[in-house]
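Participant: Next comes the sequence, and after it the predicted model I'd like to discuss.
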Amino acid sequence: MYEEFRLLASIMAYGWGASIIGQVGSVSGNVISLTDDVHPATWFFENQIVDSFASDEATVHQAGMVVTALDPVARNVTVNAIGTTVATDRLVLGGGLNVAPHGLMAGVDDGTYVPNYMNIPRPQIPRWRSYIDVLAGQTPTKYGNASTARRAITGDVLQKAMDFQRLKAGAARQVDQFISNLPIRRMFWNSLSPDRRFDSAVYDGGWEQLKFSNGDVTIPWYADELCYRYTVFGLHMGRPVTKAQDRGDVNFHSGSFDKVKDEELFAIYESPYGAAEWDDATGSQLKQIYSGGQFLDAVGAFIKWYYNVATCAPRVHIRLDDILES
């Protein structure tokens with residue numbers, strides 16, 4: 001139970017609050033073939049409970065489907081009952097649509113996924129929109145643009161996005177962390193000439209962290225198998241700069257950034273109860289009652305966690321969409 005809870009919390013940390021974990025490309029018997037979109041197949045696991053909603057994201061086609069088998073390479077999910085699920089349906093975490101917390105995709109957005117972020121309308125507030133980088137001639141599209149719009153990840157693509165972010169956020173709020181899935185980070189690593197792949201050492205048998213140099217600032221690049229496909233997040237997390245970067249203006253002092261308000265950074269906002277805890281729904285949490293001449297379990301408790309992964313300064317973060325994985 002705890003392993004599943006941690007996995008679901010990690011999945012929802014990337015989402016935008018909709019609970020959507022995939023789109024139906026086609027149905028054959030009880031086998032669902034997922035659309036080739038931004039959702040990772042690693043978001044599904046055996047015995048997971050999912051619902052299917054029509055493409056209007058309002059009409060339930062089948063609730064309580066149980067995942068019985070997976071083929072992550074072919075992006076196939078087998079369920080115990082398909083109901084009226086059809087192509088273009090949305091697969092949603094069991095429990096309903098729009099019940100998940102806000103995650104990275106909600107905070108790093110221009111309104112494509114979350115038009116109203118914390119009840120503030122993004123179309124009317126430029127400072128509430130992140131810079132979303134796509135191929136020239138394209139516009140940010142929910143679930144990603146067509147495969148013909150995907151492009152290779154290069155230093156120039158990254159630098160362009162960071163330059164636009166700096167225009168929106170200022171020099172004191174630079175991107176200082178990248179997050180992507182494993183294939184995208186590997187593609188960028190493969191694009192580098194051998195002498196640029198490592199700072200000072202060659203790692204036998206593999207490597208853990210990639211770094212990107214933006215002038216004098218070295219940006220760590222983390223990869224996660226649960227991160228969205230075809231996507232790179234560039235976050236400002238308030239990491240200090242070096243003494244050599246002290247510029248002597250109001251934004252810098254003693255070789256580090258002035259204190260950044262926590263609200264500008266991505267953080268877990270916990271309300272009202274904070275960390276995960278048991279919710280005793282019946283007054284008999286983890287206890288037994290005597291009935292019919294024997295003790296019977298009377299567990300009326302479930303684990304819950306109220307939180308949002310959010311930022312009060314979306315403009316300081318960027319997202320690159322439609323990045324090739326191979």
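Facilitator: That came in fine, so what should we check first?

Participant: CA atoms for contacts and neighbours, from now on please.
Facilitator: Fine.

Participant: Give me the distance between the two termini of stretch 292-304.
Facilitator: Between the opening and closing residues of stretch 292-304 lies a distance of 32 Å (C-alpha to C-alpha, to the nearest Å).

Participant: Stretch 142-153 now?
Facilitator: With C-alpha to C-alpha as the measure, the ends of stretch 142-153 fall 20 Å from one another.

Participant: What residues of it count as buried?
Facilitator: Across stretch 142-153, burial judged by 16 or more other C-alpha atoms under 10 Å covers Y143, G144, N145, A149, R150, R151, A152, I153.

Participant: Quickly list what Y222 is bridged to.
Facilitator: On the basis of DSSP bridges, Y222 is bridged to I179.

Participant: tell me the contacts of it?
Facilitator: Contact analysis of Y222 by C-alpha atoms under 8 Å, 6 or more residues apart in numbering lists Q177, F178, I179, S180, Q209, L210.

Participant: if you set the cut-off to 10 Å instead, what comes out?
Facilitator: In this structure, Y222 makes contact with Q177, F178, I179, S180, N181, L182, R185, E208, Q209, L210, K211, F233, judged by C-alpha atoms under 10 Å, 6 or more residues apart in numbering.

Participant: Could you check how far it is from L235?
Facilitator: Y222 sits 11 Å away from L235, taking C-alpha to C-alpha as the criterion.

Participant: tell me, what's touching those two both at once?
Facilitator: Common contact partners of Y222 and L235 (C-alpha under 10 Å, 6+ apart): Q177, F178, I179.

Participant: Select from these the one having the most neighbours.
Facilitator: With neighbours defined as other C-alpha atoms under 10 Å, the most crowded of the shared contacts of Y222 and L235 is F178; it has 22 neighbours.

Participant: need the contact list for that one.
Facilitator: Under the criterion of C-alpha under 10 Å, 6+ apart, the neighbours of F178 are 158, 185, 210-212, 219-223, 232-236, 318-319.

Participant: I'd guessed I82 sits against S52; true?
Facilitator: Yes. At 8.9 Å, I82 counts as touching S52 under the criterion of C-alpha atoms under 10 Å.
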